[in-house]
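Q: Need a 3D model of the sequence below.
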Amino acid sequence: MNVLRRALLTAGLLALAAPACAQRIETNAQQPVLAGEPLQLALADLQPGQRVSLKAERVVRSFSGPVRRFVAEARFEADAQGRVDLAQAAPLPGGSYEGADVRGLLWSMRAQDGEVKEPVFNRIQFQLSDAEGQPLAQAELRLTQALPDVQTRKPAGLPGALFAHRAGALKRPALILLGGSEGGAAITRDAPFWASQGYAVLALPYYSPRNWSPQGLLPPELPELPANFVDIPVERLEQARAWLAEQPEVDAARIGVQGTSKGAEFALIAGTRLPWIKGIAAIVPSDVVWEGWGEGVQAGKRSSFAWQGKPLDFVPYQDFEKEFAGAALGEPIVIRRPLDKGRAAATAQQIEKARIPVERIAAPVFLLGGDDDQVWDSGRMAQAIAARRAPVAGLKTVLLHHPAAGHYLGGTGTSPTTHYNEGPMKSGGTPAANARAQAEGHAALKAFWAEVMQ
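A: Take a look at the predicted model:
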């Protein structure tokens, strides 16, 4: 056998023996990934022009209560290099989402039937298949809510918890987080991320209602707090500030307040009265003080907030109880309706007296709202706040306004948004618009606090 023939035969045998390049799903090299931090997701070693399907799956506690499996799927066509970068490549028509979006498969997941009995949260599993459905590769992305060295402790004399990195030589800025009308300790879920960004974070509950369950009305989660949303004392933040100032890791000259929904209303009111606040972030905010509510509270008579024992002027609701009564007949609950009706029925003088004088807030203010918010009109109210501050020289205001987004905009865009309007209570917004508002808002909020807290 001549040398050339032998060489050709050997090369052919080697080609037959060598496996083809294995297709790959590329995700962040360092895992787990802190939720809200940049994601990488790409497909590699495909044939140019090859069409493939990528499926994502995770378990999530749905808004209706049970833990369920959520799934999304999209088809892609590889580029000339045999790659698909999900941050740049739009999926082919017919998948779970449209348009290039590295988070697309995460927020577009839809709940599957059946409850997951032994869930593993924050683990996203990917399965890559060819056009005929044959599996090609699999991968996993793990998310986390906090870096490993974030610690927590209970404040003396205050509800909630402080989250921070292990104490070091340098004092760090602090954030006080205020939740919405869900009340209880729910706001503590948001604290670990901000502590992972280098802040000392006080998650501060201020209201804890009794909640309905299949077993009936449950006792308050935090019985030491008001069970009715009536005359919540704004000066409670003074107590929080005093405690923070005593903590070794806190720089008391740099304390910001971040509130969501009713917590945003609280934060903005506080900003007009407490000059020590370094910055305010108001997620889905209100530009006025609203009526208070609760068991045994007469409609139209009480305010949500008070200052030094004096109730603040407020805009009353109209047909608030009627809105909830319709749920027994299978009708959706849209809390925005009694608020819009109440505002429309109020006199100009009533509205002006209840208006939060945001032009008096010297600190920078961050605003995020959506026009399709079905809890209250946060899009219009955020714009009104920004407009009030605009003529005053020296006031920094950051406004993010999303016309198609709803009320739940405090996330990171990395969790399913498809279940937000499940059940009778409606929050508004499309899944895509809500996820986009979350992702953009979260990135802008990180930049806002980084600048303000210098």
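Q: ok, residue 191 - how many residues close by?
A: 26 (other C-beta atoms under 10 Å). For the C-beta atoms, the positions are set from N, CA and C on the backbone; glycine is no exception.
Q: Confirm it sits in a helix?
A: Yes - judged by DSSP: H, G, I helix; E, B strand; the rest coil, residue 191 forms part of a helix.
Q: Which helix or strand contains residue 129?
A: strand 123-130 (DSSP states H and E).
Q: What pairs with the following helix or strand past that strand, parallel or antiparallel?
A: Using DSSP H and E, the helix or strand that follows strand 123-130 in sequence is strand 135-144. According to DSSP bridges, strand 135-144 has the following sheet partners: strand 33-34 (parallel), strand 123-130 (antiparallel).
Q: Can you tell me which of those strands has the worst average pLDDT?
A: When these are compared by mean pLDDT, strand 33-34 comes last with a mean of 94.
Q: Excluding its own residues, what touches that one? List them.
A: 39, 141-147, 193, 196 (C-beta atoms under 8 Å, 6 or more residues apart in numbering).
Q: hmm, which of the residues you listed are the buried ones?
A: With burial judged by 16 or more other C-beta atoms under 10 Å, the buried subset of those is 39, 141, 143-146, 193, 196.
Q: any chance of those residues in TSV, with pLDDT too?
A: Shown next, in TSV, are the buried ones among the contacts of strand 33-34 (pLDDT from 0 to 100):
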residue	pLDDT
39	96
141	97
143	95
144	94
145	89
146	91
193	94
196	94
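Q: Of these, just say which sits nearest to residue 327.
A: Distance to residue 327 across the buried ones among the contacts of strand 33-34 (C-beta to C-beta) is lowest for residue 145, with 32.3 Å.
Q: which regions of the stretch 51-200 of the chain lie under the pLDDT threshold?
A: Along the stretch 51-200 of the chain, the model assigns pLDDT under 70 to residues 167-169.
Q: What ranges does it have for its strands?
A: Ranges of strands in the stretch 51-200 of the chain, per DSSP state E, counting those that start in this stretch, are 51-61, 67-77, 84-85, 110-115, 123-130, 135-144, 150-153, 161-165, 172-178, 200-203.
Q: between the ones you listed, which gets nearest to residue 94?
A: strand 67-77 (6.9 Å).
Q: quick one: contacts for the residue nearest to residue 423 when sequence neighbours are not counted?
A: Spatial nearest neighbour of residue 423, excluding adjacent residues (C-beta to C-beta, 6 or more residues apart in numbering): residue 64 at 5.0 Å. When contacts are counted by C-beta under 8 Å, 6+ apart, residue 64 is found next to 419, 422-423.
Q: Next, residue 379: phi, psi?
A: For residue 379, the backbone dihedrals (degrees, to the nearest 10) come out as phi -60, psi -50.
Q: which residue packs closest to it, ignoring adjacent ones?
A: residue 371 (3.6 Å).
Q: and the one you found, what pLDDT?
A: At residue 371, the pLDDT value in this model is 98.
Q: Can you get me the start-to-end distance on stretch 36-54?
A: 22 Å (C-alpha to C-alpha, to the nearest Å).
Q: Buried ones in it, by neighbour count?
A: 36-37, 39, 41-46, 50, 52-54.
Q: Of the residues you listed, just say which sits nearest to residue 156.
A: Among these, and counting by C-beta to C-beta, the member closest to residue 156 is residue 36, at 30.4 Å.
Q: Can you get me a residue count around the closest residue to the closest one other than its chain neighbours?
A: Setting aside the residues directly before and after it, residue 36 is nearest to residue 412 in space (C-beta to C-beta, 6+ apart), at 3.7 Å. A total of 22 residues lie near residue 412 under the criterion other C-beta under 10 Å.
Q: cool, and residue 188?
A: For residue 188, the neighbour count with other C-beta under 10 Å is 20.
Q: before we move on, what about residue 242?
A: Residues contacting residue 242 under the criterion other C-beta under 10 Å number 12.
Q: Same question for residue 438.
A: Per other C-beta under 10 Å, the neighbour tally for residue 438 reads 27.
Q: so which strand or helix has it?
A: When secondary structure is defined by DSSP H and E, residue 438 falls within helix 431-452.
Q: Average pLDDT for that helix, rounded please.
A: 98.
Q: now the angle between strand 110-115 and that helix, please.
A: Computed by axes from the mean of the first three to the mean of the last three C-alpha atoms, to 10 degrees, the angle separating helix 431-452 from strand 110-115 equals 100 degrees.
Q: what comes up buried for helix 431-452?
A: 431-445, 448-449, 452.
Q: ok, now stretch 23-40?
A: Per 16+ other C-beta under 10 Å, stretch 23-40 contains these buried residues: 23-28, 32-37, 39.
Q: Can you list which of these are found in strands?
A: Counting by DSSP state E, these place 24-27, 33-34 in strands.
Q: Kindly reformat those as CSV containing distance to residue 312.
A: Shown next, in CSV, are these (distance: C-beta to C-beta, whole Å):
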residue, distance to residue 312
24, 59
25, 54
26, 54
27, 49
33, 42
34, 38
